[in-house]
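In: Got a predicted structure here, sequence first:
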Amino acid sequence: MLSSPPAAATAAPPSSDEDFFSTASTSTSSDSKPTSPCPTASSQIPQIPITWPDEGALTVSWVTDLMQAFEWASRALIPSELPSVLPVAVFDKLVLAASKILHKEPNCVKIDGECGLDSDSRVVVVGDVHGQLHDVLFLLRDSGYPDHNRFYVFNGDYVDRGAWGLEVFLLLLAWKVLMPQRVYLLRGNHESKYCTSVYGFEKEVLVKYGDSGKHVYRKCLGCFEGLPLASIIAGKVYTAHGGLFRGTVVTPSKRSRKKNRKVVHNNNINNNPEMISLSLGSLEELAKARRSVLDPPWEGQNLIPGDVLWSDPSMSPGLSPNKERGIGLLWGPDCTEQFLNKYNLKLIIRSHEGPDARDKRADLAGMDLGYTIDHIVESGKLITLFSAPDYPQFQATEERHRNKGAYIVLEPPHFDTPIFRSFEAVTPRPKVNPYYDFEDVIDSDEELDLVSMVPDSGVQQPAA
């Protein structure tokens, strides 16, 4: 039996963007289709608490009810009342169901005819969303919910910075459980223990779930470990959060026997770039990487996950250490061409860089529209896609970035021609306090103390 919701809470303190934007969100596209007004939030009180279906099988109505409940709660309740909407027992079942699916998926998921992609299908690719619940809800309504003919690929960074990372992550997990071969959730660099301890997600969970907060947070971390690293769509489009990655070097041991071969992953390259020359990695190497780590390492024998999640493009040719971030790589147009040509691909769609990061990249375009085309080479293009408008939610800078978010639609027959959809932030955002010190952490992830990502490492990592 569903109970009535608790009374609405008193107003939360004002947010840093309380007066920003006074108009409804709109969606614009590169193919000149009319703009779409943002749907207004439903004033109808949802049926809460959400209960788990008797037989454990989710339905579209269950997922949309969850979306409505989260949206209503963000405006009507204080954060600590979230368990009255989604009890811990229901959270546990949802995360367990999703984790079972995610951990069985390969590092690089393939979205093709074997999973139902055909001439009637569309694929929606989404970049960073960073806990901006209302913008995610708008995006899903604007582009259309997942269904038999509509696939989704999310490029990671569901949490941190924004105030509703937990709700965003859980509603996407719900869609994944409902339609595991239509919704694909990739990992971003913020789906890690260290990032979530710095940029607010850990504190958000503890505030919302109180005494059960540590349990909820641990379950989320376990789920993060199962998220795949990359996707290939219709054999033509590679997507990943950060992008490309280094290869491994196989060297014979002194005994010179096959069984004694040593695999070296260009160790310590960020500290000693002269040590080993960098080479571009292969999809075969990506498939073998161990992704089940809370914090992808920047040294040792498992560097590919860190590269895929943290690397950035550059206009300078070749591969080089990503000194700004202290982890991952920078790769040039020649590497984009090499990767596309080798695997007969047409597009690389990556994310990872918002307007704050791009403000520091004089060699690359800004993120005003939610996307940039960074490399145009003979075989195709490299695109950066960012889906969090007016990012970050809490800004300490004198002027807000006021960027649009965007998503990409890929259509048949080849799914290799991107249709860009840009949209503004949903306003007004509910007033809420931040879960991290945004006045001290105002820039991109280059500020992270990466040594803390590996407990008791004993390694002295230079400041990024």
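Out: Done, it's in.

In: can you pull the contacts of the residue most central in space within the chain?
Out: What sits nearest the mean C-alpha location of the chain, by C-alpha atoms, centre = their mean, is G156, with 1.5 Å. Contacts for G156 (C-beta atoms under 8 Å, 6 or more residues apart in numbering) come out as 128, 185-191, 227, 241, 309, 351. Just so you know, the C-beta spots here come from the backbone N, C-alpha and C atoms, and that holds for glycine as well.

In: Only the buried subset of those, as a PyMOL command please.
Out: Of those, the buried ones can be selected in PyMOL as follows, counting by 16 or more other C-beta atoms under 10 Å:
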select buried, resi 128+185+186+187+188+189+190+191+227+241+309+351
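
In: which ones among the contacts of G156 are found in strands?
Out: Using DSSP state E, the subset of the contacts of G156 located in strands is L185.

In: Would you reformat the contacts of G156 as a markdown table and include distance to L294 and pLDDT?
Out: Listed next are the contacts of G156 as a markdown table, based on distance: C-beta to C-beta, whole Å; pLDDT from 0 to 100:
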| residue | distance to L294 | pLDDT |
| --- | --- | --- |
| D128 | 20 | 98 |
| L185 | 17 | 99 |
| L186 | 17 | 99 |
| R187 | 11 | 98 |
| G188 | 14 | 98 |
| N189 | 12 | 98 |
| H190 | 12 | 98 |
| E191 | 10 | 98 |
| L227 | 12 | 98 |
| H241 | 16 | 98 |
| L309 | 12 | 98 |
| S351 | 21 | 98 |
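
In: which other helices and strands contact the longest helix seen in the chain?
Out: In the chain, with assignment by DSSP state H, the single longest helix is helix 60-76. If contacts are counted by 3 or more C-beta pairs under 8 Å, 6 or more residues apart in numbering; DSSP states H and E, helix 60-76 sits against helix 133-143, helix 165-178.

In: please redo it, this time with the cut-off set to 6 Å
Out: helix 165-178 (3 or more C-beta pairs under 6 Å, 6 or more residues apart in numbering; DSSP states H and E).

In: Which strands and helices lie in contact with the helix it packs on?
Out: Using 3+ C-beta pairs under 6 Å, 6+ apart: helix 165-178 touches helix 60-76, helix 88-102, helix 133-143, strand 183-185, helix 201-209.

In: cutoff 8 Å now
Out: helix 60-76, helix 88-102, helix 133-143, strand 183-185, helix 201-209, helix 213-226.

In: chain center to the second one, what's the gap?
Out: Right, the one you point to is helix 88-102. A distance of 19 Å separates the centroid of the chain from that of helix 88-102, by C-alpha atoms, centre = their mean, to the nearest Å.

In: can you check the fifth one too?
Out: On the basis of C-alpha atoms, centre = their mean, helix 201-209 sits 19 Å off its chain's mean C-alpha point.

In: again with the first one
Out: Shown here is helix 60-76, whose average C-alpha point lies 21 Å from the average C-alpha point of the whole chain (C-alpha atoms, centre = their mean).

In: any residues touching that helix, and which ones?
Out: Counting by C-beta under 8 Å, 6+ apart, 5, 8-9, 41-42, 44-48, 50, 53, 81-82, 85-86, 133-134, 137, 140, 145, 164, 167, 170-171, 174-175, 178, 430, 432 sit against helix 60-76.

In: which residues touch the closest residue to L185 other than its chain neighbours?
Out: Excluding its sequence neighbours, the residue lying closest to L185 (C-beta to C-beta, 6 or more residues apart in numbering) is F154, at 5.1 Å. Going by C-beta under 8 Å, 6+ apart, F154 touches 126, 129, 172, 183-186.

In: that older thread, quick check on the contacts of helix 60-76: which are buried?
Out: 5, 41, 46, 48, 50, 81-82, 85-86, 133-134, 137, 140, 145, 164, 167, 170-171, 174-175, 178, 430, 432.

In: By mean pLDDT, flag the weakest helix or strand of this structure.
Out: strand 262-264 (a mean of 48; mean pLDDT, DSSP states H and E).

In: in the helix or strand just after that strand, what counts as buried?
Out: For strand 262-264, the succeeding helix or strand toward the C-terminus, using DSSP states H and E, is helix 283-288. The neighbour-count check on helix 283-288 (16+ other C-beta under 10 Å) flags 285-286 as buried.

In: Tell me the spacing between the closest residue to D128 other than its chain neighbours and D359.
Out: Of all residues not flanking D128 in the chain, D157 sits nearest, at 3.9 Å (C-beta to C-beta, 6+ apart). Distance from D157 to D359, counting by C-beta to C-beta, to the nearest Å: 18 Å.

In: do the same with E55
Out: As judged by C-beta to C-beta, E55 and D359 stand 51 Å apart.

In: try S316
Out: With distances taken as C-beta to C-beta, S316 is found 19 Å from D359.

In: Any stretches of the chain with poor pLDDT?
Out: For the chain, the stretches flagged by pLDDT under 70 are 1-43, 249-276, 442-464.

In: Surely Y238 and K342 touch.
Out: No: counting by C-beta atoms under 8 Å, Y238 does not reach K342; the two are 10.8 Å apart.

In: Between those two, which has more neighbouring residues?
Out: Between Y238 and K342, counting by other C-beta atoms under 10 Å, Y238 is the more crowded of the two (25 against 12).

In: beta partners of the more buried one?
Out: Y238 forms beta bridges with I232, I348, as assigned by DSSP bridges.

In: how close does it get to Q338?
Out: Counting by C-beta to C-beta, the gap between Y238 and Q338 amounts to 13 Å.

In: More neighbours: E55 and D359, which one.
Out: In this view E55 and D359 are compared by other C-beta under 10 Å, and D359 has more residues nearby, 15 against 5.

In: what's the spacing between V432 and Q393?
Out: If you go by C-beta to C-beta, the gap between V432 and Q393 works out to 9 Å.

In: quick one, helices of the stretch 351-464 of the chain?
Out: With DSSP state H, counting those that start in this stretch as the criterion, the stretch 351-464 of the chain has helices at 355-358.

In: mind listing the strands in it by residue range?
Out: Ranges of strands in the stretch 351-464 of the chain, per DSSP state E, counting those that start in this stretch, are 371-377, 380-385, 405-410, 418-423.

In: where's the last one relative to the chain centroid, distance-wise?
Out: Looking back up the chat, that one is strand 418-423. 18 Å.

In: what's the answer for the third one, then?
Out: The chain centroid and the centroid of strand 405-410 are separated by 14 Å, computed with C-alpha atoms, centre = their mean.

In: neighbouring contacts of it?
Out: Here strand 405-410 has contacts from 122-127, 129, 135, 139, 143, 233-234, 237, 349, 369-371, 383, 385-389, 391, 416-425, using C-beta under 8 Å, 6+ apart.

In: In its sheet, which strands sit next to that strand, and in what direction?
Out: Under the criterion DSSP bridges, strand 405-410 sits next to strand 122-126 (antiparallel), strand 418-423 (antiparallel) in its sheet.

In: I appreciate the help and will end here.
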